[in-house]
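>>> no FASTA, just this:
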């Protein structure tokens, strides 16, 4: 009696069943989440990361989770067929479990692309499979050399990728400056928390200034986005144009808001001069009574903004702001 090789059909059927089951669970979970989450008011911003692909963050997350589930099912089928031992099973399954733990973290933060979860799972899986391969016979010197070289390459490639993403996300960690002189000043008025717009262009990105917000915001402590402000100036001089308003915000418990209208712009090589009319459009204290009222002789003043390009980065930053005939203000106790 001749006995042939064992059939692989049960394994293939099991893999297919697990894959279909995993994808079905993802689909049902995504459908339920799409119905329930909007009712809770916690759906991620549809204009957030990845929106340019035409997929909402929820759909992108569902796709990412589906791919991770498929990878876990395939890895589980391999473990079931090969019986490699609990150490190998644990190493190869750990990246998927970590990815699932990351999903609620992504949901609570919501300002980064869920595809990064897939990237992390793939990188950790590669490291896990290399480790499993090495541990099959760790005493072989050649195997150790190959393992260490592959791990080093894995870390270098992913480290370079992370560095590039961080560089672009932070506009060169604040070193690059802005594309135009006007964009450099736009960044200042937003990060000063005295402008009417909190968003500004930062290299390839549009970011929101870190200004006081929400019920726990420190609205009357002269706070502003210090890091963002400093990233867009050459030195401390431009701060002088804003300082008295920050100081009055703290002293008189009033929020000030300015509109800036560009009057002229001159660019001469690596230097630029812009003039703006700065108009005080509001000064208020939310609530029934204002502790102080402001009286001004007029509501406008002229700002002359000087900007320069960096020696190596060629991005624009503000180096000086001159305020001609500043607004004269006096404060009176409120009713």
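Here it is on my side, so go on. Note that the coordinates shown come from a computational prediction; the quantities given were computed from them, not determined experimentally. Residues are numbered from 1 along each chain as shown.
>>> got the buried residues for stretch 189-199?
189, 190, 191, 192, 193, 194, 195, 198 (16 or more other Cβ atoms under 10 Å). In short, each C-beta sits where N, CA and C put it, glycine included.
>>> with stretch 285-303 instead?
Residues of stretch 285-303 classed as buried: 285, 290, 293, 294, 301, 303 (neighbour count, 16+ other Cβ under 10 Å).
>>> for stretch 271-278, same thing?
Residues 272, 273, 274, 275, 276, 278 are the ones in stretch 271-278 that count as buried (16+ other Cβ under 10 Å).
>>> partners of whatever helix or strand the last one lives in, with directions?
When you say that, I think you mean residue 278. Using DSSP states H and E, residue 278 maps to strand 271-284. Partners of strand 271-284 in the sheet, by DSSP bridges, are strand 255-268 (antiparallel), strand 300-309 (antiparallel).
>>> contacts for the longest one?
Defining contact as Cβ atoms under 8 Å, 6 or more residues apart in numbering, one finds that strand 255-268 is touched by 181-182, 185, 189, 194-196, 219-220, 245, 248-249, 272-286, 302-303.
>>> re earlier: to residue 122, which of the strands paired with strand 271-284 lies closest?
Closest approach to residue 122 among the strands paired with strand 271-284 (Cβ to Cβ): strand 300-309, 40.0 Å.
>>> tell me which helix or strand comes right after that closest one.
Per DSSP H and E, the helix or strand that comes after strand 300-309 is strand 316-324.
>>> and that following strand, what does it pack onto?
helix 181-191, helix 240-252, strand 300-309 (3 or more Cβ pairs under 8 Å, 6 or more residues apart in numbering; DSSP states H and E).
>>> ok, now with 7 Å
helix 181-191, strand 300-309 (3 or more Cβ pairs under 7 Å, 6 or more residues apart in numbering; DSSP states H and E).
>>> I'd like these laid out as a markdown table, including distance to residue 134.
As requested, these are exported to a markdown table (distance: least, Cβ to Cβ, whole Å):
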| stretch | distance to residue 134 |
| --- | --- |
| helix 181-191 | 49 |
| strand 300-309 | 51 |
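>>> nearest to residue 323, out of these?
strand 300-309 (5.6 Å).
>>> quick one: strands adjacent to the following helix or strand past the strand holding residue 278?
Beyond strand 271-284 on the C-terminal side, the first helix or strand identified by DSSP H and E is strand 292-296. Strand 292-296 sits in its sheet next to strand 329-333 (antiparallel), going by DSSP bridges.
>>> centre of the chain versus the strand it pairs with, how much separation?
41 Å (Cα atoms, centre = their mean, to the nearest Å).
>>> I'd like the mean pLDDT over that strand, please.
With pLDDT averaged residue by residue, strand 329-333 scores 90.
>>> the inter-axis angle of it versus helix 240-252?
10 degrees (axes from the mean of the first three to the mean of the last three Cα atoms, to 10 degrees).
>>> all numbers from here: first residue = 41
Okay, using 41 as the starting number, the last item reads as strand 369-373.
>>> quick one, helices of the stretch 91-240 of the chain?
Here the stretch 91-240 of the chain has its helices, by DSSP state H, counting those that start in this stretch, at 97-122, 126-149, 155-175, 181-209, 221-231.
>>> deepest of the ones you listed, which one?
helix 221-231 (a mean of 25; mean count of other Cβ atoms under 10 Å).
>>> which elements pack onto it?
strand 239-242, helix 266-271, strand 295-308, strand 311-324, strand 340-349, strand 356-364.
>>> got those as CSV, with distance to residue 207 and mean pLDDT columns?
Listed next are the helices and strands packed on helix 221-231 as CSV, based on distance: least, Cβ to Cβ, whole Å; pLDDT from 0 to 100:
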stretch, distance to residue 207, mean pLDDT
strand 239-242, 12, 91
helix 266-271, 14, 94
strand 295-308, 26, 95
strand 311-324, 25, 94
strand 340-349, 19, 96
strand 356-364, 17, 95
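>>> out of those, which is closest to residue 173?
strand 239-242 (43.4 Å).
>>> partners of the closest one in the sheet?
strand 245-248 (antiparallel).
>>> so for the partner strand, what gets flagged as buried?
In strand 245-248, counting by 16+ other Cβ under 10 Å, buried: 247, 248.
>>> chain center to it, what's the gap?
For strand 245-248, the distance to the chain centre is 9 Å (Cα atoms, centre = their mean).
>>> one step back: and the helices and strands packed on helix 221-231 as JSON lines, adding distance to residue 121?
Formatted as JSON lines, the helices and strands packed on helix 221-231 follow (distance: least, Cβ to Cβ, whole Å):
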{"stretch": "strand 239-242", "distance to residue 121": "51"}
{"stretch": "helix 266-271", "distance to residue 121": "53"}
{"stretch": "strand 295-308", "distance to residue 121": "66"}
{"stretch": "strand 311-324", "distance to residue 121": "67"}
{"stretch": "strand 340-349", "distance to residue 121": "62"}
{"stretch": "strand 356-364", "distance to residue 121": "61"}
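>>> one step back: can you redo the helices of the stretch 91-240 of the chain as TSV with mean pLDDT?
What follows is the helices of the stretch 91-240 of the chain, written out as TSV (pLDDT from 0 to 100):
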stretch	mean pLDDT
helix 97-122	88
helix 126-149	89
helix 155-175	93
helix 181-209	91
helix 221-231	95
